[in-house]
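S.K.: I would like to see how this sequence folds:
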Amino acid sequence: MLLRSTLVFSSAFLFAFPALAQNARIEGFTYAGSGCPVGTAAGVISPDQKALTVIFDRFEAQAGPGAARSANRAFCQLAVDLRFEPGWQVALFDATYRGFADLESGVQALHETSYYFSGSPLTSGPLTWSMVGPFTDNFSRTDSFATTVWSECGTVRPLNIKTNLYVTNRLAPARAGVVTNDTTDVQVRIEYALMYRRCPSP
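M.R.: Model (predicted):
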């Protein structure tokens, strides 16, 4: 049985900049998706504009007898508005997700995330993690990036993070499962562009 009444559905995203990038700041964010409808997320930018925490209360996917097929999937996309001086670039280097899953035997859950800058064809991901029931516990996963995707030189565009949750009971139709994305800690690194690559002159 799924103990739905015991679950707390929330998510938190933390963006942090090292002291090196004193001129970098977060100016805001927008969100959209079936897992984060308008009005179901709230964010706070720190006084120094170096960190952003976003809390969600409806980011979950479920499957089982009586569950609508549309409930099998949920996604949320964040667009984080960054500001920094020309000659700097931004790269994502760490993303840790924590959540809760209650999966009966044979039910599978999938957690998938992609990262990219608006207007860029380069994407980190999708990075995928899955689990199969029986499983009832909290979980934690960390995304590591085989290839670093940097923002473009000479322009500042939003960092996009799209997370998908998916639950299927295709192999066990009489059984049920639910997965939530509770907390996410994302680290964003700012590096001086000329230290690592030369930006072309305007």
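
S.K.: okay, CA-based contacts and neighbour counts for the rest of this
M.R.: OK.

S.K.: If you average pLDDT per helix and strand, which one of this structure comes out bottom?
M.R.: Confidence across the helices and strands of the chain bottoms out at helix 193-196, with a mean of 34, counting by mean pLDDT, DSSP states H and E.

S.K.: Walk me through which strands whatever helix or strand Ala42 lives in pairs with, and which way each runs.
M.R.: Element membership for Ala42 (DSSP states H and E) is strand 41-45. When pairing is defined by DSSP bridges, strand 41-45 lines up against strand 52-56 (antiparallel).

S.K.: mind exporting the partner strand as CSV, just the C-alpha atoms?
M.R.: These are the backbone C-alpha positions of strand 52-56, laid out as CSV (Å, rounded to 0.1, in the frame of the first residue of the first chain):
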residue,chain,number,x,y,z
LEU,A,52,18.6,31.1,-5.1
THR,A,53,16.3,28.7,-3.3
VAL,A,54,13.1,27.5,-5.0
ILE,A,55,10.5,25.4,-3.2
PHE,A,56,8.0,23.2,-5.0
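
S.K.: That one: how far from the chain's middle?
M.R.: Taking the mean of its C-alpha atoms, strand 52-56 sits 11 Å from the chain's own mean (CA atoms, centre = their mean, to the nearest Å).

S.K.: Name the next helix or strand following it along the chain.
M.R.: Moving toward the C-terminus from strand 52-56, the first helix or strand encountered (DSSP H and E) is strand 60-63.
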